[in-house]
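S.K.: After the sequence you'll find the predicted model.
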Amino acid sequence: MAKGDRGTTTRGKRATPRAGRSRSGRAGDPELVQLLTPEGERIDSVTGPDGTEYTVDFTDEEYRGLYRDLVVIRKLDAEATALQRQGELGIWASLLGQEAAQVGSGRALRPQDMAFPTYREHGVLYCRGIDPIMPLGLFRGVDQGGWDPNEFKFNMYTIVIGAQTLHATGYAMGITMDGKTGTDDGEAVIAYFGDGATSQGDVNEAFVWSSVFNAPIVFFCQNNQYAISEPLERQTRIPLYQRSSGFGFPGIRVDGNDVLATYAVTRAALDNARHGQGPTMIEAYTYRMGAHTTTDDPTRYRIASEVEAWQAKDPIARVRAFLEKQQIADEAFFAGVDEEAKQESLSLRERVLAMPDPQPLTLFDHVHAEGSPEVDAQRDQLAAYLDSFEGSTH
Amino acid sequence: MATETLTLGRALTLGLRRALEHDPKVVIMGEDVGKLGGVFRITDQLQKDFGENRVIDTPLAESGIIGTAVGLAIRGYRPICEIQFDGFVYPAYDQIVSQVAKMHYRSQGKVKMPIVIRIPFGGGIGAVEHHSESPEAYFAHTAGLKVVACSNPQDAYVMIQQAVRSDDPVVFLEPKRRYHEKGRVDTDTEVATAYPLNASRVVRSGSDVTVLAYGPMVRTALDAATAAEEDGRSLEVIDLRTLSPFDLDPVYDSVRRTGRCVVVHEAPSNVGLGAELAARITENCFYSLESPVLRVTGFDTPYPAARLEEDYLPNLDRVLDAVDRTFGW
């Protein structure tokens, strides 16, 4: 069994017979909340170190819905990668392998919760109800991401590593100042970042601030094992989720390839936050199956056997195995989901190819909320220059 | 009209008080701004009167101050961030130039960043290193930010309120060596209709040379103008007030009349605002100029030890020397 695959969790009273195999192979390996094994076997509940019982109670329809999300997101991601390879996108940051971490956490959000993503949270974006074409404008270079952060409660993508964790913290402080915590319908914030980001000053400052202001925030770290080429060992000497204890709030590691456990752990942490119990750090232990971005070559820094070991923990295969074993879904359902994903990706492709280039003068739009005579003057100069060409219709 | 004689520092305090009263979404945040009232006491008594949720003592982390202000702004607040000293703003530099300045643009206007970043700037107070710098060019170089500097108590009182009401992020530079200089302040000034934030102003009329200054150097330029008058030279002094965007029509009008221009700032000359001003004046007033635009600035050295700062900082004599040189062409 690979390191960290299955944790030394204390199982709830409804634990499955597999509990006897739950100890990880190496002493000192951290605990890992898991509700669905790579073989598709369901663990009823897991009790965390602080006594929290993590479980989910989905209807068959909801289980099928999660599977559908995972498949569609993987397909859309593959389509975007293909579009980049064909020269239609400048770059793409694939989420391949991290679908469960994103769907599990994304579906755990309530409508009133606010999410602060990196540039890889295409799955969370999808869960927030945003048209998946939206981030492609950014990667195609025709806009800077087109959604309204306030309307969808999903902030803009953030490229500078970790900067968004402070924005999330400030937003969470605002929730407290607005008196929107302490009840079941309170608000909470989730901040996404990766293992590399935990080395950033901003992330550590966000931990300090959230802790001392008891902000209603969940720090959701997708530990995908590499910051471009730098392995986890270059970021930390302790399991990342244990970082939080030094800042004064709980941390927990979840199987990031397990959509059920990710959902359960995130929901619990968000509920704690919305009830005024402050921040939690979640380390979703997962693996980036593809490249960091399409400009990256992971064969230079990791070996094939490692990738193969993680393929055995695929987040989609295990849900499918579960659905089949439980007879929740039949072949017709799986074929239907595949067809739906195919149609969505075809639609995405057609719409990306139809994205018009922006008009030149729009580059001056929205520099300042209140305008600037200097920017206006430069706009006029460019307009006059463009007009000097015969037949210009800028 | 109610007028009071106030120091520039007290005028800022009163302006901040008015801003807090005017809009419940205004919050002040920074290191030591609460009980202590800030190291310069600019936020004196404000936490006592408005509470810990409006005047927030923060952890000692500049990136955190600005980064959390971004989140508060997204949430609908109007944060006023105090950076304790100019040389301490650099840990927050990424948040200011990469996040604060660009959010409105990146969101295509959907997210506003009504954040004020107050920075006591400049030298002349005998401080140790990192306490006397003039970082304005870094911020003026960044699209999306407004950069302004006040130079007198009346402006300080009004401009800080205007900056807080602005829907754009404003880097608000306070001339720390002028905090204790007094002036008359009309406390009834209607902020919305007052002289605008983004406008320069002729503060002394003259006919021979145009002298451009902002912040702490406005007083120096005015003193030079008084001294020059004794030598029979008439200097026109313009307080730029807004450093990004510039408001240069009054400058062009002045230079076209005087034919000569001297720019004064404390920051080093290399790639400083003086270079930008000289270039723009040359482009716009070329046929009116009797001599090149000259700069009187700090030197291209790190800010020196306090016992050397009188040699480093532009003073009355260096301004007058530059004025003399404009007549040498």
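M.R.: Arrived safely.
S.K.: Which pLDDT value goes with A:Arg49?
M.R.: Careful, residue A:49 is Pro; it's not Arg. pLDDT for A:Pro49: 86.
S.K.: Contacts only, for it.
M.R.: Residues near A:Pro49 by CB atoms under 8 Å, 6 or more residues apart in numbering or on different chains: A:31, A:252. For glycine as for every other residue, the C-beta is placed from the backbone atoms N, C-alpha and C.
S.K.: what do you get for A:Leu138?
M.R.: A:144-145, A:157.
S.K.: which of these come close to chain B?
M.R.: By CB under 8 Å from any CB of the partner chain, the members of these lying near chain B are A:144-145.
S.K.: Show me which of the contacts of A:Leu138 are buried.
M.R.: When the contacts of A:Leu138 are checked for burial by 16 or more other CB atoms under 10 Å in any protein chain shown, the buried set is A:145, A:157.
S.K.: which among the contacts of A:Leu138 gets closest to A:Cys127?
M.R.: Looking at the contacts of A:Leu138 and their distance to A:Cys127, the nearest is A:Tyr157, at 15.1 Å (CB to CB).
S.K.: How about that closest one, nearest residue that isn't a chain neighbour?
M.R.: Leaving out its chain neighbours, the residue that sits closest to A:Tyr157 by CB to CB, 6 or more residues apart in numbering or on different chains is A:Tyr119, at 4.4 Å.
S.K.: For A:Leu353, give me phi and psi.
M.R.: phi -60, psi -20 (degrees, to the nearest 10).
S.K.: Now do the strands for the stretch 201-329 of chain B: every range, in order, please.
M.R.: Secondary structure of the stretch 201-329 of chain B (DSSP state E, counting those that start in this stretch): strands at B:201-204, B:209-213, B:235-239, B:242-244, B:261-268, B:294-298.
S.K.: what's the most buried one of these?
M.R.: Neighbour counts (mean count of other CB atoms under 10 Å in any protein chain shown) averaged over each of the strands of the stretch 201-329 of chain B peak at strand B:209-213, with a mean of 29.
S.K.: What angle do strand B:235-239 and that one make with each other?
M.R.: For strand B:209-213 against strand B:235-239, the angle by axes from the mean of the first three to the mean of the last three CA atoms, to 10 degrees is 20 degrees.
S.K.: Contacts for strand B:209-213, please.
M.R.: B:151, B:220-221, B:224-225, B:228, B:233-240, B:251, B:254-255, B:258, B:260-265, B:277, B:319, B:323, B:326.
S.K.: hmm, back to that, tabulate the strands of the stretch 201-329 of chain B (TSV), appending mean pLDDT.
M.R.: Below are these laid out as TSV (pLDDT from 0 to 100):
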stretch	mean pLDDT
strand B:201-204	98
strand B:209-213	98
strand B:235-239	98
strand B:242-244	98
strand B:261-268	98
strand B:294-298	98
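S.K.: Could you single out the nearest of the contacts of A:Leu138 to chain B?
M.R.: Nearest to chain B among the contacts of A:Leu138 is A:Gln144, at 4.4 Å by CB to the nearest CB.
S.K.: And the closest one, what's its pLDDT?
M.R.: Note for A:Gln144: predicted pLDDT of 89.
S.K.: That one reaches B:Met103, doesn't it?
M.R.: No - counting by CB atoms under 8 Å, A:Gln144 stays clear of B:Met103, with 10.3 Å between them.
S.K.: Now for these two: what residues contact both?
M.R.: Residues touching both A:Gln144 and B:Met103 (CB under 8 Å, 6+ apart) are A:Met156.
S.K.: Measure how buried the residue nearest to A:Tyr157 is and give me the count.
M.R.: 21 (other CB atoms under 10 Å in any protein chain shown).
S.K.: and it, what is it in contact with?
M.R.: A:93, A:135, A:157-159.
S.K.: Show me the strands in the stretch 151-300 of chain A, by range?
M.R.: A:189-194, A:217-223, A:226-227, A:230-231, A:251-255, A:280-285.
S.K.: Mind putting the contacts of A:Leu138 into JSON lines with distance to A:His366?
M.R.: Output for those, formatted as JSON lines (distance: CB to CB, whole Å):
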{"residue": "A:Gln144", "distance to A:His366": "10"}
{"residue": "A:Gly145", "distance to A:His366": "13"}
{"residue": "A:Tyr157", "distance to A:His366": "17"}
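S.K.: Please identify the deepest-packed of the strands of the stretch 151-300 of chain A.
M.R.: By mean count of other CB under 10 Å, the strands of the stretch 151-300 of chain A have strand A:217-223 as the most buried, with a mean of 31.
S.K.: Check the residue nearest to B:Ala306 when sequence neighbours are not counted and give its pLDDT.
M.R.: Among residues not flanking B:Ala306 along the chain, B:Gly126 sits closest, at 4.4 Å (CB to CB, 6+ apart). B:Gly126 is assigned 96 on the pLDDT scale.
S.K.: isn't B:Gly126 right next to B:Glu309, touching?
M.R.: Yes - with contact defined as CB under 8 Å, B:Gly126 counts as touching B:Glu309 (7.4 Å).
S.K.: These two: which has the busier surroundings?
M.R.: Counted by other CB under 10 Å, B:Gly126 and B:Glu309 do not tie: B:Glu309 has more neighbours, with 18 against 13.
S.K.: The more buried one against B:Gly122, yeah?
M.R.: No - B:Glu309 is beyond contact range of B:Gly122, at 10.2 Å (criterion: CB under 8 Å).
S.K.: anything in contact with each of the two?
M.R.: Overlap of the contact sets of B:Glu309 and B:Gly122 (by CB under 8 Å, 6+ apart) consists of B:Ser132.
S.K.: Okay, domains of the chain per the record?
M.R.: Defaulting to chain A. A:10-353, A:360-394 (automatic domain parsing).
S.K.: if you could check chain B rather than the one you did, that'd help
M.R.: Listed by automatic domain parsing, the domain ranges of chain B are B:3-193, B:201-326.
S.K.: Out of the ones you listed, which is the most enclosed?
M.R.: domain B:3-193 (a mean of 21).
S.K.: how far out from the middle of the chain is that domain?
M.R.: Domain B:3-193 sits 11 Å away from the centroid of its parent chain (CA atoms, centre = their mean, to the nearest Å).
S.K.: Span of it from start to end?
M.R.: With CA to CA, to the nearest Å as the measure, the ends of domain B:3-193 fall 17 Å from one another.
S.K.: Stretch B:70-90 too?
M.R.: Stretch B:70-90: ends 17 Å apart by CA to CA.
S.K.: hmm, that stretch in reach of chain A?
M.R.: Yes - judged by CB under 8 Å from any CB, stretch B:70-90 comes into contact with chain A through B:70-77, B:79.
S.K.: Check the spacing between B:Leu48 and chain A real quick.
M.R.: For residue B:48 the amino acid is Lys, not Leu. In this structure, B:Lys48 and chain A are 18 Å apart, going by CB to the nearest CB, to the nearest Å.
S.K.: pLDDT score for that residue?
M.R.: Reading off the model, B:Lys48 has pLDDT 98.
S.K.: elements contacting the helix or strand encompassing it?
M.R.: Using DSSP states H and E, B:Lys48 sits in helix B:46-50. Helices and strands touching helix B:46-50, by 3 or more CB pairs under 8 Å, 6 or more residues apart in numbering or on different chains; DSSP states H and E, are helix B:8-22, strand B:55-57.
S.K.: Since that was my last question, I'll sign off now.
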